[in-house]
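Chemist: Fold the following.
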Amino acid sequence: MNLPYQLFIALRYLKSKKKHRGISFNTVISISGVAVGVMALLVVLSVMSGFHEDLQKKILGANAHVVVVSYKGGIEDYSSVMEKLMNETNIVSMSPFVIGQVMVSAGKRAHGIFLRGIEPSSELKTTDILRHIKEGSIEEIITGDRRQKTEGRLPWIIIGRELASMLGVIAGDTINVISPVGEVGPLGMLPKVRRFKVVAVFEIGMFEYDTNLAFTDIRSAQEFFGYGNVVTGIQLRLDDIYKASLVRDSINKKMGFPYYARDWMQMNRNLFSALKLEKFAMFIILILIVLVASFNIVSTLMMNVMEKQKEIAILKAMGAKNQGIMMVFMFQGLLIGIVGTVIGVTGGYVLGKIINNYEIIKLPADVYYLSKLPVKMKLIDFIVVSFSAITISFLSTLYPSYYAAKLNPVEPLRYE
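Modeler: The predicted model follows:
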């Protein structure tokens with residue numbers, strides 16, 4: 001295969017002098033700089049994407065895609081509201097819930113949490129919280145709910161693993177649930193206290209939820225909080241989580257005051273916006289590594305231009321145009337950028353797989369909400385990084401190529 005002379009000469013210039021076989025040291029340094037920059041950028045972006053996806057998965061593990069609530073503080077005739085919501089598209093299932101702040105205690109240990117009342121059968125179809133149970137079982141919860149109604153047993157409660165560890169309890173133990181809002185007595189407001197049986201322990205993997213969230217039967221929660229037949233809101237599960245904003249707007253438009261809907265992205269906007277901004281900031285900062293590597297390309301090309309002045313003069317004497325001379329050094333810089341990018345992409349992919357599969361980096365869950373460093377490699381990240389690296393490599397060839405094209409061929413050949 002006959003290569004264009006510009007590409008053929010560019011490949012020759014990448015090699016060392018005749019007395020040294022192989023690629024020149026300057027070329028190796030330039031390729032390594034691009035490769036390291038691309039690899040570091042890909043690993044960091046993959047980690048940021050992993051954080052985003054892992055947090056999204058855990059948030060949706062304990063919460064619904066859309067929640068319908070009322071400005072009045074509760075929904076009285078929630079059955080009729082659920083019937084109206086049935087007509088909405090993209091809704092797969094729904095379930096009512098009650099939520100309030102309480103304090104739980106066991107022995108001399110106590111902790112403030114959110115207690116959410118649920119219907120286990122509909123909750124299974126709406127959220128994934130009951131699928132994260134590590135001790136106990138879903139069947140035990142449902143049968144325990146029936147026995148409680150028929151035999152007057154203690155109401156059941158599901159708590160997180162971190163909360164169970166803090167209280168020193170396991171499945172089968174009992175705990176006290178204390179509400180700060182109780183009945184008014186002779187000495188003022190008296191807190192309401194009730195015993196609950198821990199029938200299961202869940203673990204989502206997000207410290208905030210595993211510590212500060214507990215679940216019980218919706219009837220028990222209504223009775224404990226004194227809500228009667230009122231619920232706090234209605235949870236909705238969608239067939240596509242990214243259509244949550246559309247469903248939210250449709251519900252707000254059709255239901256009207258006093259009802260309003262909030263989707264999972266809206267309720268966690270600050271967290272996801274911070275992650276998105278951090279990912280963009282890391283991209284800008286780490287692309288500087290590739291920019292630094294581009295200076296190596298510039299210096300390598302300039303050294304080649306200075307060393308090859310005689311060859312450039314001969315090419316011009318043989319009829320090569322300025323454009324052809326420019327193409328020689330542009331090809332040389334582009335080859336360095338492409339080879340470095342390919343090596344960096346391969347190294348970034350392999351390193352990402354190693355970090356993800358072998359969990360070599362552990363994180364304190366109480367600080368980062370996660371127990372390990374998550375990695376999610378996205379094709380779009382690889383495409384953007386590769387394009388950016390090759391573009392920067394190409395731009396770094398412009399000045400050396402222009403300088404080489406403008407060389408006067410007379411001076412190098414004068415004394416030959």
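
Chemist: What are the boundaries of the helices in the stretch 301-416 of the chain?
Modeler: 309-317, 322-358, 365-368, 379-395, 398-405, 410-413 (DSSP state H, counting those that start in this stretch).

Chemist: would you turn those into CSV with distance to Lys279, mean pLDDT and mean neighbour count?
Modeler: Quick note: C-beta positions are derived from backbone N, CA and C, even for glycine. Supplementary listing: those in CSV, determined by distance: least, CB to CB, whole Å; pLDDT from 0 to 100; neighbours: other CB atoms under 10 Å:
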stretch, distance to Lys279, mean pLDDT, mean neighbour count
helix 309-317, 45, 75, 17
helix 322-358, 15, 87, 20
helix 365-368, 16, 62, 12
helix 379-395, 9, 89, 17
helix 398-405, 30, 83, 18
helix 410-413, 50, 62, 13
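
Chemist: can you list contacts of the helix or strand hosting Asp210?
Modeler: Assigned by DSSP states H and E, Asp210 belongs to helix 207-212. Contacts of helix 207-212 from elsewhere in the structure, counted by CB atoms under 8 Å, 6 or more residues apart in numbering, are 58, 61-62, 111-114, 160-163, 166, 202-204, 365-366, 369.

Chemist: Please, a ChimeraX command that selects the buried ones among those?
Modeler: To isolate the buried subset of the contacts of helix 207-212 in ChimeraX, counting by 16 or more other CB atoms under 10 Å, use the following:
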select :58,61,62,111,113,160,161,162,163,166,202,204,365,369
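
Chemist: In strands, which of the contacts of helix 207-212 fall?
Modeler: 111-114, 160, 202 (DSSP state E).

Chemist: Can I get those in CSV including distance to Thr174 and pLDDT?
Modeler: Formatted as CSV, the ones in strands among the contacts of helix 207-212 follow (distance: CB to CB, whole Å; pLDDT from 0 to 100):
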residue, distance to Thr174, pLDDT
His111, 16, 91
Gly112, 19, 91
Ile113, 16, 91
Phe114, 20, 92
Gly160, 17, 91
Phe202, 18, 90
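
Chemist: Farthest-apart pair in those residues, please.
Modeler: Maximum pairwise distance among these (CB to CB): 18.4 Å, between Gly112 and Phe202.

Chemist: which one among the ones in strands among the contacts of helix 207-212 gets closest to Ser137?
Modeler: Out of the ones in strands among the contacts of helix 207-212, the member with the shortest distance to Ser137 (by CB to CB) is Phe202, at 11.5 Å.

Chemist: my guess is that closest one meets Ile158, correct?
Modeler: Yes: the criterion here is CB atoms under 8 Å, and Phe202 meets it with Ile158 at 5.8 Å.

Chemist: intersection of neighbour lists for these two?
Modeler: Common neighbours of Phe202 and Ile158 (CB under 8 Å, 6+ apart) are 130, 133, 215.

Chemist: quick one: secondary structure of the last one?
Modeler: Read it as Phe215. Recorded secondary structure, Phe215: strand (DSSP: H, G, I helix; E, B strand; the rest coil).

Chemist: got a pLDDT number for the closest residue to it other than its chain neighbours?
Modeler: Leaving out its chain neighbours, the residue that sits closest to Phe215 by CB to CB, 6 or more residues apart in numbering is Ile158, at 4.4 Å. Looking at Ile158, its pLDDT stands at 92.

Chemist: what about Ile158, which SS state?
Modeler: Per three-state DSSP, Ile158 ends up strand.

Chemist: For it, the count of nearby residues, please.
Modeler: 26 (other CB atoms under 10 Å).

Chemist: is it true that it touches Ala214?
Modeler: Yes: Ile158 is within contact range of Ala214, at 6.4 Å (criterion: CB under 8 Å).

Chemist: mind checking how far Ala244 is from Arg12?
Modeler: Applying CB to CB, to the nearest Å, the value for Ala244 to Arg12 is 58 Å.
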